[in-house]
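Undergrad: show me the folded form of this:
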Amino acid sequence: MSDDQVSEAPPVPRRASERETSGVGWPLVERRRRQPAPAVSLDRRRTSPISVGTTGAAAQLVEAPPIAPFRWGALGVAAMLDCFAKDNLFEHPLTHVPVLLALIAYTTYTTLRPIPYRDDRPTRTQVGFDVVLHLGAVMLTGNWASPYSITLVPSTLLAGFSSGPLYAFELIGVSVGIVSVRYLTDLGIRAGAKATAAWTGVLALVALTSGLARRVSVESARQQMLAQERVSRLTEANALLFNLQRVAQSLPASLDLDEVLDSTVARIRTLIDADAVTVLLYSESDRSWDAVRTRGYRGSFSLKTEELPPPLREALLSSRTITIDDLTRPGSGMSDGARSGLYASLRARGSLVGLLAVEAQRTSHFTTQHSETVNGVIDSFGVAIDNARLFRRLRSVGADEERSRIARELHDRIGSSLALLGYEVDRLTGMAKRGDNVHESLVDLRGQVTSVVSEVRETLYDLRTDVSEGQGLAETLAMFCERVRQRTAVDVRLTVKADRRLAILQERELWQIAREAITNTERHAQANTLDVEWRCGARGAELSINDDGRGFTKGTGRPDSYGLLGMRERAASVNAVLAIESEPGKGTKIRVTLGSETGGNG
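TA: Predicted structure coming up:
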């Protein structure tokens with residue numbers, strides 16, 4: 001793939017049939033062959049899931065009170081009353097004893113195997129049998145006068161807890177009607193109305209209370225389920241964000257393409273347990289996909305779009321991560337032996353940059369969190385790779401411009417001297433042919449060669465001189481001005497008043513401007529004095545270079561002289577203001593100013 005190639009692949013249209021919603025909880029992940037969720041039990045007792053049919057929600061988890069203590073308490077009270085009441089246990093042993101024994105046996109059974117709190121037909125049948133059993137005990141032992149009437153209270157509680165107040169009212173209504181008809185027939189309406197009304201009110205109140213308690217339990221269970229789902233999603237999101245934070249902290253800051261690619265693959269392999277990782281970049285020159293990085297297997301190849309494996313062709317048409325849980329056919333992935341994989345497109349500036357394949361040799365190896373991790377980093381990786389490719393192209397252009405600048409430096413400073421040496425050698429050759437004495441001329445020529453060598457050294461030194469972390473603009477200016485003093489007759493005066501340093505990028509650009517201005521004065525201005533001043537404080541910074549030379553008229557100069565244009569471009573790159581004043585015979589003044597908001601590190 002050529003160095004100057006930039007990811008300008010045309011945007012690939014998305015399929016009209018592509019679904020915009022995911023089959024899983026995360027919205028940006030498309031999965032294949034999802035495993036069905038396990039069935040949830042519907043028993044509501046204690047910590048078992050609870051069916052919430054009245055709300056239409058799924059099964060919930062709720063703590064529900066057991067009925068057994070109420071049953072045993074009611075049965076104990078009934079047995080005590082039966083021992084001391086009129087027409088008691090001892091006077092009617094043939095009916096009261098069997099009833100008591102039957103209730104004890106039934107209560108023991110329901111304690112060991114409690115009726116579940118479910119609103120379904122089998123449970124309603126069991127609840128109905130429970131009420132009928134206790135209703136029979138009441139009718140056999142004296143109707144409303146029976147001590148066992150109190151055992152109807154736990155049955156009513158059970159009906160309300162399991163199926164709600166309506167079903168409890170239905171059962172209690174039928175029970176009260178049956179008992180009351182027989183009781184009022186035996187005692188008369190006036191004599192039995194009081195007891196009938198009392199028991200009707202008690203059971204109705206129990207049915208209403210238990211039904212309302214059930215509704216509260218259902219709503220509490222629903223809120224508990226929603227809270228658990230939120231916590232579960234937050235936990236997954238926290239894990240994903242933690243991984244993304246790790247990625248952000250180690251995203252490739254370099255603009256070297258090889259370093260970016262190596263960092264990308266290394267980060268993916270750190271975050272995800274994978275057997276193979278492949279990065280393919282699009283080559284516009286031959287419209288192919290080059291495998292620029294393969295980890296976990298050996299390979300360096302180039303594929304046309306139609307030759308890509310099906311999962312990667314699918315990723316071309318989607319902005320989401322494609323998860324394949326089972327690569328049914330061998331060879332349908334990028335690496336040999338791949339049985340599951342994550343496939344995503346790398347995009348930047350609305351165009352395809354490349355493709356990423358993360359594969360494992362086991363089916364269903366990757367989870368939703370793995371998919372979301374890939375989906376969270378592909379945009380950053382796409383931009384980083386695109387930046388590196390753009391920078392490679394710009395670096396190539398910049399290298400060409402730098403070569404041109406160095407050529408101009410050598411031509412301006414050394415070209416004329418070398419041309420003069422050539423003329424002098426031709427003159428000495430003619431003198432030698434005529435037999436003239438050339439000794440003194442050769443000594444003079446040797447001095448000129450030494451001078452040219454010194455100029456070459458000075459030029460190379462100037463080209464290498466730059467601002468660094470350890471050497472600021474003030475120190476660099478001082479060294480450069482001292483060298484100009486030594487090699488010219490110009491009186492160079494440097495003034496520095498700097499309380500701090502700017503950002504190194506700003507100082508480097510200001511140094512290039514200062515060097516260009518000082519060099520122009522040295523070579524072309526024919527100046528006697530040169531004043532260089534550098535001020536940097538809390539309010540801003542200012543660089544000025546003033547000479548008393550011949551000056552120039554705006555718009556004059558060689559067609560290939562880009563010194564002033566380069567100064568303006570460098571000043572604009574650091575948000576500085578460049579002002580140039582010059583008139584023929586009155587010298588030149590160059591001033592660069594930066595506001596306090598452009599200041600860098602101290």
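
Undergrad: alpha carbons only for contacts and neighbour counts from here, please
TA: Fine.

Undergrad: ok, now how distant is the residue located most distally from the centre of the chain from T305?
TA: Residue farthest from the centre of the chain, counting by C-alpha atoms, centre = their mean, is G435 at 85.9 Å. Per C-alpha to C-alpha, to the nearest Å, G435 is found 79 Å from T305.

Undergrad: if we can go back for a sec, and the residue farthest from the centre of the chain, how close does it get to H365?
TA: In terms of C-alpha to C-alpha, G435 sits 94 Å off from H365.

Undergrad: again with R190
TA: From R190 to H365 the distance is 79 Å (C-alpha to C-alpha).

Undergrad: which one's more surrounded, the two?
TA: H365 (18 against 8; other C-alpha atoms under 10 Å).

Undergrad: for the more buried one, give me phi and psi.
TA: phi -80, psi -30 (degrees, to the nearest 10).

Undergrad: now do the contacts for it.
TA: D325, S340, G341 (C-alpha atoms under 8 Å, 6 or more residues apart in numbering).

Undergrad: ok, now with 10 Å
TA: H365 makes contacts with D273, A274, I324, D325, D326, R339, S340, G341, L342, E359, as judged by C-alpha atoms under 10 Å, 6 or more residues apart in numbering.

Undergrad: the residues you listed, buried ones only, as a ChimeraX selection?
TA: Here is the ChimeraX command that selects only those of those that count as buried (16 or more other C-alpha atoms under 10 Å):
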select :274,324,325,326,339,340,341,342,359
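
Undergrad: a markdown table for the contacts of H365, including pLDDT and secondary structure?
TA: Formatted as a markdown table, the contacts of H365 follow (pLDDT from 0 to 100; DSSP: H, G, I helix; E, B strand; the rest coil):
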| residue | pLDDT | secondary structure |
| --- | --- | --- |
| D273 | 90 | coil |
| A274 | 91 | coil |
| I324 | 91 | strand |
| D325 | 90 | coil |
| D326 | 89 | coil |
| R339 | 89 | coil |
| S340 | 92 | strand |
| G341 | 93 | strand |
| L342 | 93 | strand |
| E359 | 93 | strand |
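
Undergrad: please identify which of the contacts of H365 is nearest to A195.
TA: D325 (70.0 Å; C-alpha to C-alpha).

Undergrad: my guess is the closest one meets F366, correct?
TA: Yes - contact criterion C-alpha atoms under 10 Å: D325 and F366 qualify, at 7.3 Å.

Undergrad: shared neighbours, those two?
TA: The contact lists of D325 and F366 share S340, G341, L342, A360, where a contact means C-alpha under 10 Å, 6+ apart.

Undergrad: isn't the last one up against R269?
TA: No - here A360 does not reach R269: they are 11.5 Å apart, not a contact under C-alpha under 10 Å.

Undergrad: between the two, who's got more neighbours?
TA: A360 (24 against 17).

Undergrad: ok, back up a step: max pairwise distance over the contacts of H365: which two?
TA: Maximum distance among those (C-alpha to C-alpha): 16.7 Å, for D273 and D326.

Undergrad: G211: neighbour count?
TA: 26.

Undergrad: nope, K433 is what I was after
TA: Neighbours around K433, by other C-alpha under 10 Å: 8.

Undergrad: what about the longest helix in the chain?
TA: Counting by DSSP state H, the longest helix found in the chain is helix 189-249.

Undergrad: buried sites along the following helix or strand past it?
TA: Reading on from helix 189-249 to the C-terminus, the next helix or strand found by DSSP states H and E is helix 257-271. Judged by neighbour count using 16+ other C-alpha under 10 Å, the buried positions of helix 257-271 are L257, V260, L261, D262, S263, T264, V265, R267, I268, R269.

Undergrad: so how far is helix 257-271 off the chain centroid?
TA: 17 Å (C-alpha atoms, centre = their mean, to the nearest Å).

Undergrad: name the helices or strands packed onto that helix?
TA: helix 189-249, strand 276-283, strand 288-295, strand 351-360, helix 368-410 (3 or more C-alpha pairs under 10 Å, 6 or more residues apart in numbering; DSSP states H and E).

Undergrad: who touches the third one?
TA: Identification of contacts with strand 288-295 by C-alpha under 10 Å, 6+ apart yields 1, 258, 261-262, 264-266, 269, 274-283, 299-308, 334-335, 353-358.

Undergrad: residues in contact with stretch 471-487?
TA: Residues contacting stretch 471-487 (C-alpha under 10 Å, 6+ apart): 454-455, 458, 461-462, 465-468, 490-498, 500-504, 506-511, 514-515, 518-519, 522, 530, 532-536.

Undergrad: now, those residues that are in helices?
TA: Reading helices off the contacts of stretch 471-487 with DSSP H, I get 454-455, 458, 461-462, 504, 506-511, 514-515, 518-519.

Undergrad: select only the buried ones of the residues you listed in PyMOL?
TA: The PyMOL command for the buried members of the ones in helices among the contacts of stretch 471-487 (criterion: 16+ other C-alpha under 10 Å) is given here:
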select buried, resi 455+458+504+506+507+508+509+510+511+514+515+518+519
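
Undergrad: so where is the stretch 51-200 of the chain shaky, pLDDT-wise?
TA: 51-65, 86-90, 186-188, 191 (pLDDT under 70).

Undergrad: show me where it has strands.
TA: 60-61 (DSSP state E, counting those that start in this stretch).

Undergrad: the helices in it, which residues?
TA: Applying DSSP state H, counting those that start in this stretch to the stretch 51-200 of the chain gives helices spanning 68-84, 93-112, 121-140, 152-163, 165-187, 189-249.

Undergrad: helix, strand, or coil at I590?
TA: strand (DSSP: H, G, I helix; E, B strand; the rest coil).

Undergrad: leaving out the residues flanking it, which one is nearest to it?
TA: I580 (4.6 Å; C-alpha to C-alpha, 6 or more residues apart in numbering).

Undergrad: number of nearby residues for that neighbour?
TA: I580, neighbours per other C-alpha under 10 Å, totals 15.

Undergrad: residues contacting E509?
TA: D466, V467, L473, R515, M567, E569, R570, A571, A572, S573, V574, A576.

Undergrad: how does it look with 7 Å?
TA: R570 (C-alpha atoms under 7 Å, 6 or more residues apart in numbering).

Undergrad: quick one: it and I545, what's the gap?
TA: From E509 to I545 the distance is 15 Å (C-alpha to C-alpha).

Undergrad: thinking again about what came up before, which among the contacts of strand 288-295 end up buried?
TA: Counted by 16+ other C-alpha under 10 Å, the contacts of strand 288-295 give 261-262, 264-265, 269, 274-283, 302, 308, 334-335, 353-358 as buried.

Undergrad: next, the angle from the longest helix of the chain to helix 165-187.
TA: Put simply, helix 189-249 runs at 160 degrees to helix 165-187, going by axes from the mean of the first three to the mean of the last three C-alpha atoms, to 10 degrees.

Undergrad: thinking again about what came up before, for the helices of the stretch 51-200 of the chain, which one ends up most surrounded?
TA: Most buried of those, by mean neighbour count (mean count of other C-alpha atoms under 10 Å): helix 152-163, with a mean of 27.

Undergrad: who touches that helix?
TA: 67, 70-71, 117-119, 127, 130-131, 134, 167-168, 203, 206-207, 210-211, 214.

Undergrad: could you rerun that using 8 Å?
TA: 67, 70-71, 74, 116-120, 123-124, 127, 130-131, 134-135, 165-168, 171-172, 203, 206-211, 213-214.

Undergrad: go on, stretch 581-597?
TA: Contacts for stretch 581-597 (C-alpha under 8 Å, 6+ apart): 510, 517, 525, 527, 538-554, 571, 575-580.

Undergrad: just the buried ones from those?
TA: 510, 517, 525, 527, 540-552, 571, 576, 578.

Undergrad: narrow those residues to those in helices?
TA: Among those, DSSP H puts L510, A517, A571 in helices.
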